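Enquirer: whatever this is, show me its structure:
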Amino acid sequence: MKGHVRSNWSNAVLICRKCSKKLDGGFGPDGDERLAKALRRHLKLKKGRKAAAGIVEVNCLGICPKGAVTVVDGAHSRDWLLVRPGADPDDLARELHLAAEEEAPA
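Expert: Prediction:
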């Protein structure tokens with residue numbers, strides 16, 4: 001049996017599934033997508049272990065903010081984010097340290 005499995009992820013982001021479901025969308029170009037899907041689409045990430053970063057919906061994180069989604073940056077897990085619907089995906093990607101792959105100096 002294999003002891004470990006490698007991923008190509010540079011970072012992992014945990015998004016509360018319960019918060020996303022309560023908001024019933026609010027993200028993406030038309031405002032009708034859940035945060036995880038909208039962020040994956042905006043960053044043009046592949047699926048699963050082959051992606052550059054992992055965006056994973058998890059069960060309730062226990063914060064339950066009104067009108068926002070709880071997000072944890074795996075590399076900086078001490079501070080959690082509360083993301084409101086309509087948040088700018090570029091700003092969010094920078095905040096979660098996911099934009100560095102795209103904006104590397106030439």
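Enquirer: and residue 45, what does it touch?
Expert: Counting by C-beta atoms under 8 Å, 6 or more residues apart in numbering, residue 45 makes contact with 51, 52, 53, 55. In this view, the C-beta of every residue, glycine as well, is placed from N, C-alpha and C.
Enquirer: which of these are buried?
Expert: 51, 52, 53, 55 (16 or more other C-beta atoms under 10 Å).
Enquirer: would you mind listing the buried residues in the strand or helix carrying the last one?
Expert: So that's residue 55. Here residue 55 sits within strand 54-58, counting by DSSP states H and E. In terms of neighbour count (16+ other C-beta under 10 Å), strand 54-58 has its buried residues at 54, 55, 57.
Enquirer: tell me which strands it pairs with, and in which orientation.
Expert: Applying DSSP bridges, strand 54-58 is found paired with strand 12-16 (parallel).
Enquirer: returning to what we had before: residues in contact with the strand holding residue 55?
Expert: So strand 54-58 is in contact with 7, 9, 11-17, 20, 34, 36, 39-40, 45, 74, going by C-beta under 8 Å, 6+ apart.
Enquirer: thought residue 20 was touching residue 71?
Expert: No: contact between residue 20 and residue 71 fails when scored by C-beta atoms under 8 Å: they sit 9.8 Å apart.
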